[in-house]
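*Asks:* Below are the sequence and a predicted model; questions follow.
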Amino acid sequence: MAVLEIRDLTHYFGGLCALSHLDITLEPGTLTGLIGPNGAGKTTVFNLVSGFYRPSRGEIRFAGRNIAGLKPHQVTALGVARTFQNIRLWKDLTVLDNIRIAQHHRLGYGFADAVLRTRRFRRREAEIDAYARELLEVLELGHVAGELPKNLPYGLQRKVELARALSVEPKLLLLDEPAAGLNTADVEELIRHIRWIRDRFDVTIWMIEHHMDVVMELCSHITVIDFGETIASGTPEEIRTNPAVIQAYLGDDEI
Amino acid sequence: MTSQPSSVAVRPDGAAARSTAFQRWSVPALTLAGLAVLLWVGQSGALTKYTQTVIMFMAVNVIVSASLNLVNGYMGEFSCGHGGFMAVGAYVSSVLGVLLFAKDRVFGPPLLPPEWALVGFPLIVLVGGVAAALAGLLVAIPSFRTRGDYLAIITIAANYIVISAVENLDVIGGSRGFMGMKRVVKAMGRAWDLPWMLLWSFGFAVFTLWILRRFVYSTYGKGVMAICQDEVAAEIMSVNTNRMKVAAFMLSSGLAGVAGGLFAHIVGYVNPGSFGILKSTEALVMVYLGGMGSLSGSVLSAVLFTLLLEALRPLQIIKWIVIPLLLILLMQFRPEGILGNRELADVFPRLRRFFRFK
């Protein structure tokens, strides 16, 4: 079964049509790209999928279930995690706390347990802590566990945000411009990193990206939108040679 | 999910470290010692009644500032109607106490034997807290959609609503106020001659800090800090922000209700005027004086502020020129408050060797 199936997704902001008739199917384990010029509605798509907006029309099926209209935390609890275009870590909580808090949907205890320090609370807190530390070690972030994100360099903040998204234990990972602000060397590393994450965590990845080399290198399928309309969809090779795409997005020159 | 991050040893540092028996028992021992000292103070008459009242006000203020710090400091919302919740707690517990344990002109003879007040008193204070927590729910709901200035206005409105509701309820005295709580306190003293109000004020203050500390230091409670720092990220990273806000607002206002109940029984008389916007402002001053997001800061500032209020009492109305002036100076020279968002043990790490407060 497809991880994500989007049918006829349409969204209006007031009278402005931000997205119209989007159709996408993501198969398990694939890496898919969503590209388009600035203001094309890419982030709107992610905001719709993660429950931040309620779609004006259309269906979003995650693992067969229609998630349109669910609250963001409910969508996340089902297994959809995301990162943000501009990093949105909790900058004054330690990296470890950032990872711990993203496990809120499977805490398994409530207010009374926290105050009374019940057996269940102590067991779950130990598990949450162990999980967070392990995840950081696996992602080679163990050395920054006690740091505050605001004190970390930009590239590390991006990695921590990715770690936080992974601690949700997602089946679908939405990456909003993961390469934004990275230099060429970092981009190379990011490409390896994303592929490794897909295999290691067995997760389906859907990414918005402006770096063409990242998208062309990583994605097996790419959707191009412009002014909310889908103008092309296919393999990197097809997109590269599609005249509509070249005109709308890549300019008149060949790439 | 098939691939868990695996087989990496958990590093036993920081929070995972085991604490010694000394660390574990020093806080309970200090609490007991505090109660013993207060017991001695109350019984021996070593301190005047006035000084004892000041100590009780300190305890009440500790509850007020620590509980408001949860919403204004840890969660980063701006609630400024704390006085209203104190009023709810004060009136509910007072009316309940007088109804159950004291003879009253309006309510008639007590419904229960007065000596039961010994057990009943903490319960009526807690019932007052529960009532205030339910009132807090009413403020939590608009906070789902509103933040910042607008929520501040809503909380001020809630404060005024409570006050004018009480003013218009003649059965509990209206704007003249309500009394009879001294008889409840006396009934406790007759049943067993101990300085009950001193002990309970101190006990509830410790209880407040204990419950808040445990809440804020659990992964569950840290959701509140995530909301403070980035609410959108919190919601999208699986924190049920609405539920966390309800929890934080209800806990905060419930504890304010407890403070109100204690205050009413310490003074022996309540009127709506004592829980107006000035009371709420005092609570805000204490939070910002101590530092947002610092429980030990709230305790320090509550103690200092109570002493300051008493020290400046001879100035009478001029007090309310001097105190805002001090606040302006504080904001000029140390805008983060005494401790900022750190705890005492963060400022003096050596303290960690001696205690653990979790």
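*Replies:* Now that the structure is in, tell me what you want to look at. As the structure is a computational prediction, the values presented were derived from the model and not from experiment. Numbering: from 1, shown residues only, chains lettered A, B, ... in the order given.

*Asks:* Show me the strands in the stretch 1-150 of chain A, by range?
*Replies:* Assigned by DSSP state E, counting those that start in this stretch, the strands in the stretch 1-150 of chain A fall at A:4-13, A:16-26, A:31-35, A:57-62, A:65-66, A:80-82.

*Asks:* Can you give the contact residues for the fifth one?
*Replies:* Put plainly, it is strand A:65-66. For strand A:65-66, the external contacting residues (C-beta atoms under 8 Å, 6 or more residues apart in numbering or on different chains) are A:Glu59, A:Ile60, A:Leu78. No exception for glycine: its C-beta is placed from N, CA and C like everyone else's.

*Asks:* what ranges of the chain fall below the confidence cut-off?
*Replies:* You didn't pick a chain, so chain A it is. For chain A, residues meeting the criterion pLDDT under 70 lie at A:249-255.

*Asks:* was after chain B, sorry
*Replies:* Where chain B drops to pLDDT under 70, the residues are B:1-19, B:358.

*Asks:* Please identify which of the strands of the stretch 1-150 of chain A is closest to A:Ile246.
*Replies:* Among these, the nearest to A:Ile246 by C-beta to C-beta is strand A:31-35 (12.3 Å).

*Asks:* related to what we said a few turns ago, select only the buried ones of the contacts of strand A:65-66 in ChimeraX?
*Replies:* Here is the ChimeraX command that picks out the buried ones among those, judged by 16 or more other C-beta atoms under 10 Å in any protein chain shown:
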select /A:60,78
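
*Asks:* Which stretches in the stretch 251-358 of chain B count as strands?
*Replies:* According to DSSP E, counting those that start in this stretch, the strands that the stretch 251-358 of chain B contains are B:269-270.

*Asks:* where do the helices sit along it?
*Replies:* For the stretch 251-358 of chain B, helices defined by DSSP state H, counting those that start in this stretch occupy the ranges B:277-290, B:295-311, B:319-333, B:344-347.

*Asks:* among these, which is nearest A:Thr235?
*Replies:* helix B:344-347 (54.6 Å).

*Asks:* Now tell me what touches that closest one from outside.
*Replies:* B:Ser296, B:Gly297, B:Leu300, B:Leu339, B:Leu351, B:Arg352, B:Phe355.

*Asks:* on that earlier part again, want to try TSV for the helices of the stretch 251-358 of chain B, with mean neighbour count and distance to A:Ser233 as columns?
*Replies:* TSV is the format used below for these (neighbours: other C-beta atoms under 10 Å in any protein chain shown; distance: least, C-beta to C-beta, whole Å):
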stretch	mean neighbour count	distance to A:Ser233
helix B:277-290	22	54
helix B:295-311	21	55
helix B:319-333	12	57
helix B:344-347	15	54
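
*Asks:* Please spell out which residues along stretch B:151-160 are buried.
*Replies:* Within stretch B:151-160, the residues that count as buried by 16+ other C-beta under 10 Å are B:Leu151, B:Ala152, B:Ile154, B:Thr155, B:Ile156, B:Ala158, B:Asn159.

*Asks:* Next up, the contacts around the spatially most central residue of chain A.
*Replies:* A centroid search over chain A (C-alpha atoms, centre = their mean) returns A:Leu174, at 1.9 Å, as the residue closest to the centre. By C-beta under 8 Å, 6+ apart, the contact set of A:Leu174 is A:Phe46, A:Val49, A:Ser50, A:Val80, A:Ala81, A:Arg82, A:Thr83, A:Trp206, A:Met207.

*Asks:* now swap in A:Glu177 and tell me
*Replies:* Applying C-beta under 8 Å, 6+ apart to A:Glu177 gives the contacts A:Gln85, A:Ile208, A:Glu209, A:His210.

*Asks:* isn't B:Gly268 right up against B:Met181?
*Replies:* Yes: contact between B:Gly268 and B:Met181 holds when scored by C-beta atoms under 8 Å: they sit 5.0 Å apart.

*Asks:* Settle it for me: which of these two has more neighbours?
*Replies:* Looking at B:Gly268 and B:Met181 with other C-beta atoms under 10 Å in any protein chain shown, you find the greater number of neighbours at B:Met181, namely 26 against 16.

*Asks:* where does that one fall, phi/psi-wise?
*Replies:* Main-chain dihedrals, B:Met181, degrees, to the nearest 10: phi -70, psi -30.

*Asks:* go on, B:Asp104?
*Replies:* Main-chain torsions, B:Asp104, degrees, to the nearest 10: phi -140, psi 150.

*Asks:* separation between it and chain A?
*Replies:* Here the distance between B:Asp104 and chain A works out to 36 Å (C-beta to the nearest C-beta, to the nearest Å).

*Asks:* That residue: what's it in contact with?
*Replies:* Shown in contact with B:Asp104 (C-beta under 8 Å, 6+ apart): B:Val98, B:Gly180, B:Arg183.

*Asks:* and if you look at B:Gly81?
*Replies:* Contacts for B:Gly81 (C-beta under 8 Å, 6+ apart) come out as B:Val139, B:Thr155, B:Ile156, B:Ala157, B:Ala158, B:Asn159, B:Val162, B:Ser280.
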